[in-house]
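[1] can you look at this prediction? I've put the sequence above it.
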Amino acid sequence: MTMTLDTTMNLAYHERVKKILPGGVHYNFNMPWEEVPIHFTGGRGSRLFDMDGNEYLDLYARFGAMILGHSNEEYLEALGTAMRSVLCASHTDWDAEALELMSAYIPCAEMVRFGVSGSEILQASLRLARAYTGRNRFVRFENHYHGSYDNIMGGRAPDHANPVPVDFRGDFKGTAGRAAGIMSEQSYLLPWNDADALEALLAERGEEIACVITEPVCVNGGSVEPAPGYLERMRELCTRHGVVLVFDEVITGVRMGLGGAQKAYGVTPDLATFGKAVAGGGVPIAALAGKRAIMQLMESKKVVHAGTFNGYSLGTAAVRATFEILGRDDQAALTGMRGHAQAIGDILRTEAERVGLPMIVQGPPGLASFHCRETPLETPSQYDFDLMGKDIIVTTALQRHGVLVSTISRLYVNADLSDVDVEFFADRAPKALDEAKQQIDDIYS
């Protein structure tokens with residue numbers, strides 16, 4: 001299919017990169033297709049510009065991290081001030097402001113510790129939960145993602161009576177080189193949105209389970225929201241069995257409001273992990289927030305959490321700036337962002353209906369996903385390769401027409417999205433959906 005945008009320079013540059021960078025990408029999963037990255041030269045607001053001079057509407061936002069929009073002047077000024085002040089030191093005179101802002105907004109954040117990546121801060125939460133309970137195992141859920149470490153990525157549980165995860169062929173989160181037995185020795189894997197399954201497991205084996213970890217919205221499984229009462233029941237079950245409840249808010253944190261999904265749903269976990277948009281998207285930082293009684297295990301040095309760049313100055317300055325910018329006027333910027341996200345989702349559904357392509361958009365605006373099916377996903381297990389393949393055809397068609405969307409069909413809008421950006425999408429979407437429908441028919445009919 002002919003590319004709508006001229007990408008001659010980008011493709012040539014990509015071939016140069018591939019000679020040294022494995023696969024030509026900085027990350028990869030076990031997926032049966034090759035990504036051809038676009039190399040960008042600049043960005044402003046919700047737009048990015050590539051080496052060939054093409055303009056794109058950025059609904060990808062680097063996996064949802066870039067929530068303020070590109071080249072936000074106030075944000076850049078805050079980072080510049082921090083860099084000119086002290087760029088490399090263990091502590092600065094704006095630590096308190098960043099910590100106090102997070103603690104004020106996030107219900108569980110009686111104490112906060114910073115790290116660099118969501119993957120490593122999640123492991124810190126597991127260590128804390130084990131130390132606090134004296135138990136070893138943890139519970140996780142199908143098609144959730146909590147980082148790329150051996151003990152927590154991928155797998156499936158073929159025996160529902162003994163839900164121990166194992167590797168399986170075709171797992172796009174599977175990997176060679178995983179430490180033998182690490183999944184089966186540490187975790188149980190359950191279906192999500194099934195409170196009865198969790199209750200049964202905790203009743204039978206609760207004495208060996210340190211924590212339950214969940215995305216409060218399963219964005220990685222297709223932006224499936226919790227069923228009514230599900231998170232509340234999970235909270236009650238964990239309390240009953242002395243199990244630490246951990247919310248992975250790396251995606252939902254900030255995007256669902258500065259208080260995260262826990263504030264939006266009114267369910268407070270014992271620990272929560274944050275990353276991506278928590279620092280605006282310009283620099284990497286992660287955070288572990290939680291109840292004082294658990295977090296104090298690091299204060300007493302019973303639990304070790306170390307890292308050269310933990311709490312580094314540029315990161316904490318970015319957290320402070322992000323919460324200050326987004327917190328103004330009762331978080332008006334986030335309210336506007338969600339309204340524009342809703343408008344883009346409506347356009348996508350309308351254009352899909354016009355060409356006869358099944359299409360739904362589900363999940364909270366700002367971290368919603370679209371899927372080529374008639375009805376919303378009810379469980380993450382329904383997000384299979386067949387559906388993912390159709391969704392990717394749509395995302396690729398949108399990219400050919402200047403709209404960047406996450407490969408796995410998430411609509412990561414930013415707080416600088418405008419009515420003009422929505423009009424840009426409305427102009428490009430019809431052509432993209434025409435092409436996508438034709439390609440899906442050719443492959444799946």
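    That came in fine, so what should we check first?

[2] can you pull out the helices in the stretch 301-445 of the chain?
    For the stretch 301-445 of the chain, the helices defined by DSSP state H, counting those that start in this stretch occupy 313-355, 385-400, 419-444.

[3] to K301, which of those lies closest?
    Nearest of the helices of the stretch 301-445 of the chain to K301, taken as Cβ to Cβ: helix 313-355 at 22.2 Å. In short, each C-beta sits where N, CA and C put it, glycine included.

[4] tell me how many other residues crowd D150.
    When neighbours are counted by other Cβ atoms under 10 Å, D150 registers 15.

[5] who's in contact with it?
    With contact set as Cβ atoms under 8 Å, 6 or more residues apart in numbering, D150 has these partners: T175, R178, A179, I182, M183.

[6] okay, it and L387: tell me how far apart.
    Counting by Cβ to Cβ, to the nearest Å, the gap from D150 to L387 is 27 Å.

[7] sorry, back to before: most neighbours among the contacts of D150, please name it.
    That'd be M183 among the contacts of D150, by other Cβ under 10 Å, with 24 neighbours.

[8] look up the closest residue to that residue, ignoring the ones flanking it.
    In this structure, M183 finds its nearest non-sequential neighbour in P165, 4.6 Å apart by Cβ to Cβ, 6 or more residues apart in numbering.

[9] what is the neighbour count of that neighbour?
    Count around P165 with other Cβ under 10 Å applied: 24.

[10] now do the strands in the protein.
    Assigned by DSSP state E, the chain shows strands spanning 40-44, 47-50, 55-59, 111-115, 137-141, 187-190, 209-214, 244-248, 271-274, 286-290, 360-362, 368-371, 403-405, 410-411.

[11] and the helices of the stretch 301-445 of the chain: which comes nearest P284?
    That would be, of the helices of the stretch 301-445 of the chain and by Cβ to Cβ, helix 313-355, which comes in at 7.1 Å.

[12] low pLDDT regions in the protein?
    Within the chain, the stretches with pLDDT under 70 are 1-3, 31-33.

[13] can you list the domains in it?
    Using automatic domain parsing, the domain parsing of the chain gives 8-71+333-444, 73-325.

[14] with adjacent residues omitted, what lies nearest to L377?
    G222 is the one closest to L377 (Cβ to Cβ, 6+ apart), at 4.6 Å.

[15] sorry, wrong one. I was asking about S184.
    Leaving aside its sequence neighbours, S184 sits nearest to V164 (Cβ to Cβ, 6+ apart; 4.7 Å).

[16] what residues are up against that neighbour?
    With Cβ under 8 Å, 6+ apart, V164 has these contacts: A157, M183, S184, S187, Y188, L189.

[17] do the same with T8
    The contact partners of T8, taken as Cβ under 8 Å, 6+ apart, are D52.

[18] thought V278 was touching L288?
    No: here V278 does not reach L288: they are 11.2 Å apart, not a contact under Cβ atoms under 8 Å.

[19] more crowded one of the two?
    Using other Cβ under 10 Å as the criterion, V278 and L288 rank with V278 on top: 31 against 26.

[20] tell me how far that one lies from A287.
    V278 sits 6 Å away from A287, going by Cβ to Cβ.

[21] now swap in V413 and tell me
    Per Cβ to Cβ, V413 is found 23 Å from A287.

[22] what's the answer for G222, then?
    For G222, the distance to A287 equals 26 Å [Cβ to Cβ].

[23] same question for F424.
    To A287, F424 is 34 Å away according to Cβ to Cβ.

[24] repeat that for M51.
    Note on M51: its distance to A287, by Cβ to Cβ, is 35 Å.

[25] now for the spatially most central residue of the chain: which residues touch it?
    Nearest residue to the geometric centre of the chain (Cα atoms, centre = their mean): I251, 3.4 Å. Residues in contact with I251, defined by Cβ under 8 Å, 6+ apart, are G64, E215, V217, V219, N220, K276, L367.

[26] repeat that with 10 Å
    The contact partners of I251, by Cβ atoms under 10 Å, 6 or more residues apart in numbering, come to 63-65, 118, 145, 215-220, 223, 260-261, 274-277, 366-367, 410, 412.

[27] same question for F138.
    Contacts for F138 (Cβ under 10 Å, 6+ apart) come out as 125-126, 129-130, 146, 151-152, 186-188, 208-213, 243-244, 246.

[28] hey, what's it bridged with?
    S187, C211 (DSSP bridges).

[29] I'd guessed L5 sits against F49; true?
    No: when contacts are counted by Cβ atoms under 10 Å, L5 is not listed as touching F49 (11.5 Å).

[30] out of the contacts of V164, which are buried?
    Among the contacts of V164, the ones that count as buried by 16 or more other Cβ atoms under 10 Å are A157, M183, S184, S187, Y188, L189.

[31] out of those, which is nearest to I20?
    Checking the buried ones among the contacts of V164 against I20 by Cβ to Cβ gives M183 as the nearest, at 32.5 Å.
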